[in-house]
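In: I'd like to go over a predicted model; first the sequence, then the structure.
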Amino acid sequence: MFGYVLVNKPELKIKDFELYRAYYCGICHALKENYGFTGRMTLNYDMTFLALLLSDLYDKEDCDYSVRCMAHPAQKHPEKRNEFSEYCADMCVFLSYYKAEDDWADEHTFKGGSARALLKGKADKVRQKYPEKTAKIEKQLDMLKIMETAGNVPLDKAAKAFGDIMGEIFCYADDIWKEDMYKVGFYLGKFIYLLDAYEDIEKDLKNGVYNPFKEMYDRAEETGNFDEFDEQVQDFLMMMISECTDAFERLPLIENVEIMRNILYSGVWVRFANSKEARLKERTKDGSI
């Protein structure tokens, strides 16, 4: 359930994309430093958005580096690090461990089992570092698992559990920005959960795994009206991102705001558009439409 909070690169200035990548590389460095190669494999763009947001909101001074790495061995590239790089790296590891747990529980895949074993000790390290925060996140993860196991759970109730997880992660400090930061994370989390469900609907139905869009998709199959299904999902997603951006725009953001607006108003829709297009091609190929 990662990789949805992206930039729309063609719509971003080159200098802004370089800045975005510099924060991404900063989290990568923190992962390598604190969790080794396995930790680095949990890197995702969703937490890069959070690093940009926290760095701008709290106006912390960045440490700028020019480095080489395994991904870019031939040429040095800019890297920005601060205290939020480490925090976002910690959250990458913690969420990835539970994603592996979920994969193992759902499908018993070798990949899920291996990742779970490799990340368990690293997740314990994060748990010791943030005992109160991780306890709240784990409570919501357990609630989400119970609801998904039960199966017949209203769409918004299931999405709310993941929204609460992201809301807790986005609340870095108990201060005047806490409420709006929680809302940004909460509605972004609901958006991610629902978009992930939209992408996986066919696979989940085939494997007998809970998906909040099951009834809507079943109706689309009965009527052959998949366009209506896509529009309904898009309406749900639009409501989530509208609430997210409403809270986001209340925050006093300056330095990274244009990059983050690119993400929230454009980038988050890239995966939806790609999934919708791929599904349309597949239906055209098999003669469904």
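Out: That came through, no problem.

In: use CA for all of it now, contacts and neighbours both
Out: Fine.

In: Next SSE downstream of the lowest-mean-pLDDT helix or strand in the chain?
Out: In the chain, the helix or strand scored least confidently by mean pLDDT, DSSP states H and E is strand 63-67, which has a mean of 65. Toward the C-terminal end, the helix or strand that comes next after strand 63-67 (DSSP states H and E) is strand 77-81.

In: So which other helices or strands are in contact with that following strand?
Out: Secondary-structure packing of strand 77-81 (3 or more C-alpha pairs under 8 Å, 6 or more residues apart in numbering; DSSP states H and E): helix 14-40, strand 63-67.

In: What's the local residue count around residue 44?
Out: 21 (other C-alpha atoms under 10 Å).

In: From residue 50, how far out is it?
Out: Counting by C-alpha to C-alpha, to the nearest Å, the gap from residue 44 to residue 50 is 11 Å.

In: circling back: just the helices and strands packed on strand 77-81: most buried one?
Out: Counting by mean count of other C-alpha atoms under 10 Å, helix 14-40 has the highest mean neighbour count of the helices and strands packed on strand 77-81, with a mean of 20.

In: Now do the residue nearest to residue 23 when sequence neighbours are not counted: how many residues are near it, please.
Out: Sequence neighbours aside, residue 80 is the residue nearest to residue 23 in space, at 5.1 Å (criterion: C-alpha to C-alpha, 6 or more residues apart in numbering). Neighbours of residue 80 under the rule other C-alpha under 10 Å: 21.

In: which regions of the stretch 1-150 of the chain sit below the pLDDT cut-off?
Out: 1, 63-74, 104-112 (pLDDT under 70).

In: If I follow the layout properly, residue 216 ends up in contact with residue 229?
Out: Yes. Between residue 216 and residue 229 there is a contact at 6.5 Å, judged by C-alpha atoms under 8 Å.

In: Which strand residues bridge the residue nearest to residue 23?
Out: Judged by DSSP bridges, the bridge partners of residue 80 are residue 64.
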